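Participant: what follows is a predicted protein model with its sequence.
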Amino acid sequence: MATLELAIDEGIAIAPVARKRRLGPLFWAAIGWMIFIFVAAALVNVLPLPSPTDMDMLGRRAPASMLHWLGTDGLGRDELSRLIFGARISLTVGLCAPVIGITIGGALGMLAGYFRGRFETLVVGSMDVLLAFPPLILALAVTAYLGQSILNLTCILGVLGIPAFMRVARAATLTLARREFVIAAQALGASHARILLRELLPNVFLPLLAFFLLGVAVTIVVEGALSFLGLGVPPPISSWGSMIGEGRESLEIAPRLAFLPAIMMFLTVLSFNLVGDTLRALTDPRQGAL
Amino acid sequence: MSETALLSVENVSVDLPTPRGNLRAVDRVDLTIGPGRTLGIVGESGCGKTMLSRAVLQLLPKKAKLSGRVMFDGQDLVRLDPERLRKLRGRSLAVVFQDPMTSLNPVLTIGTQLIETLQEHLELDGHAAKKRSVELLAAVGIPAPEQRLTQYPHQLSGGMRQRVAIAIALSCEPKLLIADEPTTALDVTIQAQILDLLAREQRRRHMAMILITHDLGVVAGRTDEVAVMYAGRVVERAPTPALFKKMRMPYTEALLAAIPKIDAAPHTSLPAISGRPPDPTRPLPGCSFAPRCRYADARCQTEKPSLSEAESRDHLYACFHPVETAAEVSA
């Protein structure tokens, strides 16, 4: 058999080509809005805003003025201040609940997808039970027993998100665990923990992160819906959902009281969806090409 | 069987339960390999080569059942406890897989993958591990190794990736390297380079190597001994020169005939082996190659020939009607 000796060109591919992906103005607008909302919510105590709970019974539903930039609500509380304080609640719940979901659901899904067998059957089965349980009844039951608080609300929404994260993590792990690099890692003497944390987690993390951002958007909406129904944060704390609920009473006189928080929620959810979708689109083709 | 064997596979069978019944992927295989020696395992797709290598590594699918013994360095890998087996893998036993596209983790850099393997087994600190990684990459012929450490697998070509996979396999100076079709997924021009690299590193490190391939041409100049597998069994085993001088098993002959020859006249048709290997879930009573064999007779259909040393002590074959004429050796 003839042997080919090809000299390797020392110059090839030394400098990695920086790849630019076009993300589009919509993506950057979404990022901009998210930053704006986060900064406003974080700095709410430093901003020169009137208290969100001080009532001015003489100035109820007052129009925009120098004192109240966006006017006052049905009880004479500053609308802008309530919106930003509401953003704090909505974002806290919206971020913390999916964190619970991604941690527990992600871990369960990866373990189920990697070890398979009875453990997988148990996990998938219990998630099906959780999915079949009506979420509103669960929220009602928990708030009835443990009382209305931000912590309880976050926990309910977090637990409700676990099955979805579990499914995403399990699906990704199932396909990855059959790839040769996992067998290669085993052949190199890697332990199960090492394979799960170092080989599989970095691969599963990207799809999970994209799903996490969509989860944030969904959670903000669900928190709004629960607050609208009076199952969310207890008054007088404001959240966007409860503000829409309160604004409903004066929809004919001052529609802005319902529409302003609705617009805030719409823009925020849209931003999270846009960023989540873009991230997913960025990670998907790479997954396929490898 | 020599006393000094590094690895000896003794009467190993692998059974895989499938919906269509039990599939015997490896059927009572015996093999030995001494330190620093090279064994070629040749056979077509689905003949159990990969399952055999997985059996040696104890990396069979969970449902697979293995019987027999795999003695490596005086220990039976089949009965070794998982923790000690894990320490052995990568340290003394290493593998290079067929497809470097999938055998490297797509989201970790080359450096991470190399350095972590080194740290796992050799207890090196970060700096020493990095230095050694650069040396290893340079040893397998990768230009600008320092820059490569920060790159991801998809930024390298197939040949480069296989070199990285080899560097990772060699990282802990294994005593035995299993190369499972290391060149099948690569360009023909790269194949010879990778095979030469493997041979060079093997000599330098005095490690034993099992070279698994479907190409008799690959094992011709690079192995000490060749085992030809068919339908899960070893059907002929001989030192490489003896095998190519006088192959006895009709299957080996047919495999060799199926390699295109460089001196053949243009447009000559290539004598392919007709038919397919038998369904492994329905074993034949006789020789598994009989339905495709041009020498087969009634006895081949009913009786299974055993692997026996008819010729000399080290040339074994399983056939009632061995090929008599000396096969032509392609230079």
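Facilitator: Everything's here; your move.

Participant: how about the residues of the stretch 201-331 of chain B near chain A?
Facilitator: Proximity of the stretch 201-331 of chain B to chain A is confined to B:Gly217, B:Val218, B:Ala220, B:Gly221, B:Ile262 under the rule CB under 8 Å from any CB of the partner chain. In this view, the C-beta of every residue, glycine as well, is placed from N, C-alpha and C.

Participant: from what I see, the first one and B:Ile259 are in contact.
Facilitator: Yes. Counting by CB atoms under 8 Å, B:Gly217 does reach B:Ile259; the two are 5.3 Å apart.

Participant: now do the helix or strand hosting B:Ala55, average pLDDT.
Facilitator: Secondary structure assigned from DSSP states H and E places B:Ala55 in helix B:49-57. For helix B:49-57, mean pLDDT is 87.

Participant: pairing partners for the helix or strand that comes right after that helix, with directions?
Facilitator: Sequence-wise, the next helix or strand downstream of helix B:49-57 (DSSP H and E) is strand B:65-72. According to DSSP bridges, strand B:65-72 forms sheet pairs with strand B:7-18 (antiparallel), strand B:75-76 (antiparallel).

Participant: what pairs with B:Pro17 across the strands?
Facilitator: Here B:Pro17, judged by DSSP bridges, has bridge partners B:Asn22.

Participant: now do the contacts for it.
Facilitator: By CB atoms under 8 Å, 6 or more residues apart in numbering or on different chains, the contact list for B:Pro17 reads B:Leu23, B:Lys63, B:Lys65.

Participant: give me the spatial nearest neighbour of the first one, chain neighbours excluded.
Facilitator: For B:Leu23, ignoring the flanking residues on the chain, the nearest one in space by CB to CB, 6 or more residues apart in numbering or on different chains is B:Leu16 at 4.4 Å.

Participant: and the one you found, how far from B:Ala64?
Facilitator: Distance, B:Leu16 to B:Ala64, using CB to CB, to the nearest Å: 5 Å.

Participant: mind listing the shared neighbours of the two?
Facilitator: Joint contacts of B:Leu16 and B:Ala64 (CB under 8 Å, 6+ apart) are B:Ala25, B:Met51.

Participant: where do the helices sit along the stretch 51-200 of chain A?
Facilitator: Ranges of helices in the stretch 51-200 of chain A, per DSSP state H, counting those that start in this stretch, are A:79-115, A:117-132, A:135-146, A:150-177, A:180-187, A:192-194.

Participant: dump those helices to a markdown table, plus distance to A:Ile253 and mean pLDDT.
Facilitator: Below are the helices of the stretch 51-200 of chain A laid out as a markdown table (distance: least, CB to CB, whole Å; pLDDT from 0 to 100):
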| stretch | distance to A:Ile253 | mean pLDDT |
| --- | --- | --- |
| helix A:79-115 | 14 | 88 |
| helix A:117-132 | 42 | 88 |
| helix A:135-146 | 30 | 83 |
| helix A:150-177 | 30 | 88 |
| helix A:180-187 | 64 | 84 |
| helix A:192-194 | 62 | 86 |
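
Participant: make JSON lines out of the ones you listed and add distance to chain B and mean neighbour count.
Facilitator: Listed next are the helices of the stretch 51-200 of chain A as JSON lines, based on distance: least, CB to the nearest CB, whole Å; neighbours: other CB atoms under 10 Å in any protein chain shown:
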{"stretch": "helix A:79-115", "distance to chain B": "10", "mean neighbour count": "23"}
{"stretch": "helix A:117-132", "distance to chain B": "8", "mean neighbour count": "13"}
{"stretch": "helix A:135-146", "distance to chain B": "34", "mean neighbour count": "14"}
{"stretch": "helix A:150-177", "distance to chain B": "9", "mean neighbour count": "21"}
{"stretch": "helix A:180-187", "distance to chain B": "4", "mean neighbour count": "23"}
{"stretch": "helix A:192-194", "distance to chain B": "8", "mean neighbour count": "13"}
